[in-house]
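Asker: Fold the stuff below for me.
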Amino acid sequence: MTLQALSFDDIERLTGVRISQDWNITPVYRETLAGFFITRGPEIHAWRLPEYEGRWLTRQNIERLTKPLFHLYGHVSTSVRVENLAGHRFVQRLGFKPTGSDDRLVYYKTESLKHARL
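Answerer: Okay, the predicted model is just below:
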């Protein structure tokens, strides 16, 4: 899959989640497509493809994607499914703090990231 071929339909097929056209898709390549970010306003989500093994994100990836959001909005937000324990550890390691939850999701927000120069 190439950058040009990563579409909203691809995102739905890969994640099982339907996203609307107002999201921005940013693929992350490590020799092959390793995962992707989607952003809308200050909200960001990351997915690693299940078949990709190994470290897929670099500090530079995270900085490149979040720096503009911090400059525009002063914070970055995300949400993680309640049952996704690895996702909770990941966002907390980056510096996100929980702001609320419902029966499906825990909502997070941060005004700065650990391990990133913003």
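
Asker: If you drop the residues flanking it in sequence, what lies closest to the residue of the chain most remote from its centre?
Answerer: Computed with CA atoms, centre = their mean, the maximum C-alpha offset from the centroid of the chain is found at residue 103, amounting to 20.8 Å. If the residues on either side of it in the chain are set aside, residue 103 comes closest to residue 82, at 7.3 Å by CB to CB, 6 or more residues apart in numbering. All C-beta atoms are positioned from the backbone trio N, CA, C, and that covers glycine.

Asker: Next, count neighbours for that neighbour.
Answerer: 14 (other CB atoms under 10 Å).

Asker: Renumber starting at 27 from here on
Answerer: Sure, I'll start counting at 27 from here, so that last one is residue 108.

Asker: show me what contacts the closest residue in space to residue 91 that isn't next to it in sequence?
Answerer: Nearest-residue entry for residue 91: residue 63, 5.4 Å, with adjacent residues in sequence omitted and distances by CB to CB, 6+ apart. Residue 63 is in contact with 51, 52, 54, 70, 71, 72, 73, 91, counting by CB atoms under 8 Å, 6 or more residues apart in numbering.

Asker: Show me where the chain dips below the pLDDT cut-off.
Answerer: For the chain, the stretches flagged by pLDDT under 70 are 27-32, 141-144.

Asker: isn't the residue farthest from the centre of the chain right next to residue 107, touching?
Answerer: No. Using CB atoms under 8 Å as the test, residue 129 is too far from residue 107 to be in contact (10.6 Å).

Asker: element containing the residue nearest to residue 91?
Answerer: Element membership for residue 63 (DSSP states H and E) is strand 58-66.

Asker: ok, and for that strand, which residues are buried?
Answerer: Neighbour counts over strand 58-66 (16 or more other CB atoms under 10 Å) mark 59, 60, 61, 62, 63, 64, 65 as buried.
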